[in-house]
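Trainee: Here is a sequence with its predicted model. Questions after.
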Amino acid sequence: MLLTVSELCIKRPEKNPKNAELELNTDWSIDYNKKEDGFEYKCKLKTDGAFPFKISVKGMILDNDFNEVPEEVSLKILNNVVDIIPNLLNLSKEKEIKIKMDIPLNIKDEVSQKIAS
């Protein structure tokens with residue numbers, strides 16, 4: 001069996017919580033559609049509380065011999081999604097970027113002068 005991921009979406013709050021320990025209420029679901037080459041799945045996970053966020057993962061289950069998706073496969077998909085949450089939240093957090101530019105700050109005046117001449 002091969003699990004693939006074709007789409008990944010995360011919606012998170014703008015700011016990270018100050019508390020290092022969070023208690024999150026989690027709601028999740030996995031929807032399946034039978035296709036010619038396997039099962040298409042969409043796993044949705046949503047939390048509420050001090051740090052609410054939503055994650056959606058779409059993909060395919062390939063190379064399988066079953067007519068219905070077994071519970072073990074659903075748990076494997078859910079565990080994989082839960083395992084990547086810290087990385088996704090870390091990658092998507094707000095980061096300050098400093099840029100040094102050698103461009104005049106008053107570009108509008110410079111452009112006006114070029115147009116006038």
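Mentor: Perfect, thanks for sending it. All values reported here derive from a predicted model rather than from experimental measurement.
Trainee: So Met60, which state does it fall into?
Mentor: Three-state assignment for Met60 (DSSP: H, G, I helix; E, B strand; the rest coil): strand.
Trainee: how about it, what does it touch?
Mentor: Counting by Cβ atoms under 8 Å, 6 or more residues apart in numbering, Met60 touches Leu2, Leu3, Thr4, Ser6, Lys35, Asp37, Gly38, Phe39, Glu40, Tyr41. Just so you know, the C-beta spots here come from the backbone N, C-alpha and C atoms, and that holds for glycine as well.
Trainee: Quote the end-to-end distance of stretch 11-18.
Mentor: 19 Å (Cα to Cα, to the nearest Å).
Trainee: For this protein, which segments count as strands?
Mentor: 2-3, 7-11, 25-35, 38-48, 54-62 (DSSP state E).
Trainee: filter the contacts of Met60 to the buried ones?
Mentor: Among these, those classed as buried by 16 or more other Cβ atoms under 10 Å are Leu3, Gly38, Phe39, Glu40, Tyr41.
Trainee: For those residues, which two are the farthest from each other?
Mentor: Leu3 and Glu40 (11.5 Å; Cβ to Cβ).
Trainee: Need the overlap of contacts for those two.
Mentor: In contact with both Leu3 and Glu40: Gly59, Met60, Ile61, using Cβ under 8 Å, 6+ apart.
Trainee: give me the beta-bridge partners of Asn33?
Mentor: Beta-bridge pairing of Asn33 under DSSP bridges involves Glu40.
Trainee: list the contacts for it?
Mentor: Neighbours of Asn33 in contact, by Cβ under 8 Å, 6+ apart: Phe39, Glu40, Tyr41.
Trainee: So the residue lying closest to Pro52 once chain neighbours are set aside versus Leu2, what's the distance?
Mentor: Leaving aside its chain neighbours, Pro52 sits nearest to Pro13 (6.5 Å; criterion: Cβ to Cβ, 6 or more residues apart in numbering). Pro13 is 34 Å from Leu2, where distance means Cβ to Cβ, to the nearest Å.
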